[in-house]
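Engineer: Return atomic coordinates for the entry below.
(chains A, B, C and D)
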There are 2 protein chains.
Amino acid sequence: MTTTTIPEVVVLRLPLYVRVLAALEGRGQGVVSSQELGTLLHATPAQIRKDLSYFGRFGKQGRGYQVSNLLKELRHIMGIDREWSVVLVGVGQLGSAILTYGGFAPQGFNILAAFDADPSKHGAAIGNVLVQDIAQIKSEAQRLGVHIGIVAVPVSHCQRVVDLLVDCGIRAILNYAPYQPTTPPGVWVRDIDPVVALQSMTYHLKTAEDQW
Amino acid sequence: MTTTTIPEVVVLRLPLYVRVLAALEGRGQGVVSSQELGTLLHATPAQIRKDLSYFGRFGKQGRGYQVSNLLKELRHIMGIDREWSVVLVGVGQLGSAILTYGGFAPQGFNILAAFDADPSKHGAAIGNVLVQDIAQIKSEAQRLGVHIGIVAVPVSHCQRVVDLLVDCGIRAILNYAPYQPTTPPGVWVRDIDPVVALQSMTYHLKTAEDQW
DNA sequence: AACAACGTGTGAAAGTAATCACGAGGGTCA
DNA sequence: TGACCCTCGTGATTACTTTCACACGTTGTT
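Structural biologist: Sure, this is the predicted structure:
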């Protein structure tokens, strides 16, 4: 068995591949070339081919890739051909919005429970999810077999909550707090911070202005 | 004048530097070393020093960096020592949540107007912002001197809305739709897609499982 | 059956980014 | 003053990513 470690940049691109392949399948396209995928993904055809080659040989010379087959393969490789159990911590404005957001479930990410430290929120149901006492999280996470945690708490609580999730056996965390928590090896964190995204663009806006 | 082009990866890290420096200033710390910054940012001290060296010589040998000074410098370099005018397109569930989110204004990003194609939404005020007809966007954007656009529309409308924003003279776009729009050179886009973030983690979860 | 057009998979080359390692300066204290 | 410790800034090195370019298989055509 030839186990090459996949570069992380490639892993980060895989979901985008799946996204456009799903769109192509939805519109009934049967075959796609690396050239066309490259256009749709704003990447070079060579990069598409090299990325895919890390996982196998899915294409056919002279033809391209069979959309439905490649999509199936990639979904399996990424582990998104199954359901994942998710818990959310922090039911403030942001947390509530996440609970009512309809984009996770269709992709197999099921938010099964929500937790907050504020007793006044306990017992409420937001978007079909019951808000529970944060003290219950460990037993609930184990009972539900949770894989993924979403953190939507203030910066001041972020590290503590992340530690707690890790203690619950969770090894993948989607973090909405504007803070990079420290985690032990083997735990994956993705940060979502729109302000950071905006700030990295203002650098370019300013630089473009200064140009003249 | 020595104008080296700054690597984009460095630009993407600058906001994180500002974030931790602001935290250090808030807690009253006067001086910080690249070593300590590295710990807080999960980066090596060498990387911190090299990144900062693209913009100038802010440190003092034997001491480190003066927190307030470095913060001031970086804020200026990134263009976040001023206010930026923002418009939002798409006042659905997500768009409404963005309008009521309190995290943008304190960082100098002021959402001045919101637009939607649905007439039933026009005239509503959400989080102090008036929802207007999308047909008004060009005149309003010019009147308000808008710099940045936030896109919170369905995938099917994303490209059209982005084209419209570009036509309004906007050159920085924060895109919440799960689709990578095409833009002319000189226009900057940052995509925010929590599902993509989750999917890149399930790859690792699955791989860790398969290990044994 | 031969040929042309197409497009994959992949080593090699080129281009970027991260890290190393060290000279030089600053601070502290006896 | 001088010895010692600290930490920056940076050229050199190493590691990682992307792109190039071509052999080879597939499809369609005459």
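Engineer: what's near enough to touch A:Q107?
Structural biologist: A:I80, B:V195, B:L198, B:Q199 (CB atoms under 8 Å, 6 or more residues apart in numbering or on different chains). For glycine as for every other residue, the C-beta is placed from the backbone atoms N, C-alpha and C.
Engineer: Looking at these, state which has the most neighbours.
Structural biologist: B:Q199 (26 neighbours; other CB atoms under 10 Å in any protein chain shown).
Engineer: What's the per-residue pLDDT of it here?
Structural biologist: Here, the pLDDT recorded for B:Q199 equals 98.
Engineer: again with the one 4 residues further on
Structural biologist: Note for B:Y203: predicted pLDDT of 98.
Engineer: Now do it: how many residues are near it, please.
Structural biologist: Count around B:Y203 with other CB under 10 Å applied: 23.
Engineer: Helix, strand, or coil at it?
Structural biologist: Under DSSP: H, G, I helix; E, B strand; the rest coil, B:Y203 falls in the helix class.
Engineer: ok, and the closest non-adjacent residue to it?
Structural biologist: Nearest non-adjacent residue to B:Y203, counting by CB to CB, 6 or more residues apart in numbering or on different chains: A:M78, 4.7 Å away.
Engineer: Please parse chain A into its domains.
Structural biologist: Chain A breaks down into these domains under automatic domain parsing: A:8-78, A:84-194.
Engineer: hang on, isn't A:A152 packed against A:L99?
Structural biologist: No: with contacts defined as CB atoms under 8 Å, A:A152 does not count as touching A:L99, sitting 9.2 Å away.
Engineer: neighbour-wise, which of those two wins?
Structural biologist: Ranked by neighbour count (other CB under 10 Å), A:A152 and A:L99 place A:A152 first, with 25 against 20.
Engineer: who touches that one in this structure?
Structural biologist: With contacts taken as CB under 8 Å, 6+ apart, A:A152 has the following neighbours: A:L88, A:V89, A:G90, A:V91, A:G92, A:L94, A:G95, A:I98, A:Y176, A:A177.
Engineer: Mind giving me the PyMOL command for buried ones among these?
Structural biologist: Restricted to buried positions by 16 or more other CB atoms under 10 Å in any protein chain shown, the PyMOL selection for these reads:
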select buried, chain A and resi 88+89+90+91+94+95+98+176+177
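Engineer: From the contact counts, what lies against the helix or strand hosting A:C158?
Structural biologist: Using DSSP states H and E, the element containing A:C158 is helix A:155-167. Applying 3 or more CB pairs under 8 Å, 6 or more residues apart in numbering or on different chains; DSSP states H and E, one finds that helix A:155-167 makes contact with strand A:84-89, helix A:137-144, strand A:148-151, strand A:172-175.
Engineer: Out of the ones you listed, which gets nearest to DNA strand C?
Structural biologist: DNA strand C lies closest to strand A:172-175 among those, at 20.0 Å (CB to the nearest atom of the strand).
Engineer: got the residues of chain A near DNA strand C?
Structural biologist: A:33-35, A:45-46, A:49-50, A:52-53, A:57-65 (CB under 7 Å from any atom of the strand).
Engineer: Next one: the longest helix belonging to chain A, is it in contact with DNA strand D?
Structural biologist: Longest helix in chain A by number of residues (criterion: DSSP state H): helix A:8-26. Yes: for helix A:8-26 and DNA strand D, the contact criterion (CB under 7 Å from any atom of the strand) is met by A:E8, A:V9, A:V10.
Engineer: For the lowest-mean-pLDDT helix or strand in chain A, what is the distance to the chain centroid?
Structural biologist: Least confident helix or strand, chain A: helix A:194-210 with a mean of 95, by mean pLDDT, DSSP states H and E. Relative to the chain's own centre, helix A:194-210 is displaced by 25 Å; criterion: CA atoms, centre = their mean, to the nearest Å.
Engineer: which residues touch that helix?
Structural biologist: The contact list for helix A:194-210, computed with CB under 8 Å, 6+ apart, reads A:178, B:11-12, B:14-16, B:18-19, B:77-80, B:84, B:98, B:103-104, B:107, B:109, B:147-148, B:171-172, B:174, B:186, B:188, B:190, B:192.
Engineer: just stretch A:55-67 next, same as before
Structural biologist: Contacts of stretch A:55-67 (CB under 8 Å, 6+ apart): A:6, A:21, A:24-25, A:29-34, A:36-37, A:49, A:52, A:69-70, A:73-74, A:77.
Engineer: so what sits against both of A:A152 and A:L99?
Structural biologist: Applying CB under 8 Å, 6+ apart, one finds that A:A152 and A:L99 are jointly contacted by A:L88, A:V91.
Engineer: Enumerate the residues of chain A near DNA strand D.
Structural biologist: Residues of chain A found near DNA strand D (CB under 7 Å from any atom of the strand) are A:7-10, A:43-44, A:46-47, A:49-50, A:60-63.
Engineer: picking up where we left off before, with respect to burial, which of the domains of chain A scores highest?
Structural biologist: Of all the domains of chain A, domain A:84-194 has the most neighbours on average by mean count of other CB atoms under 10 Å in any protein chain shown, namely a mean of 18.
Engineer: returning to that earlier point: for DNA strand D, state which of the contacts of A:Q107 is nearest.
Structural biologist: Distances from DNA strand D to the contacts of A:Q107, taken by CB to the nearest atom of the strand, are shortest for B:Q199, at 17.8 Å.
Engineer: and the gap between the closest one and DNA strand C?
Structural biologist: Look at B:Q199 and DNA strand C: by CB to the nearest atom of the strand, to the nearest Å, they are 21 Å apart.
Engineer: I'm done for today, thanks for sticking with me.
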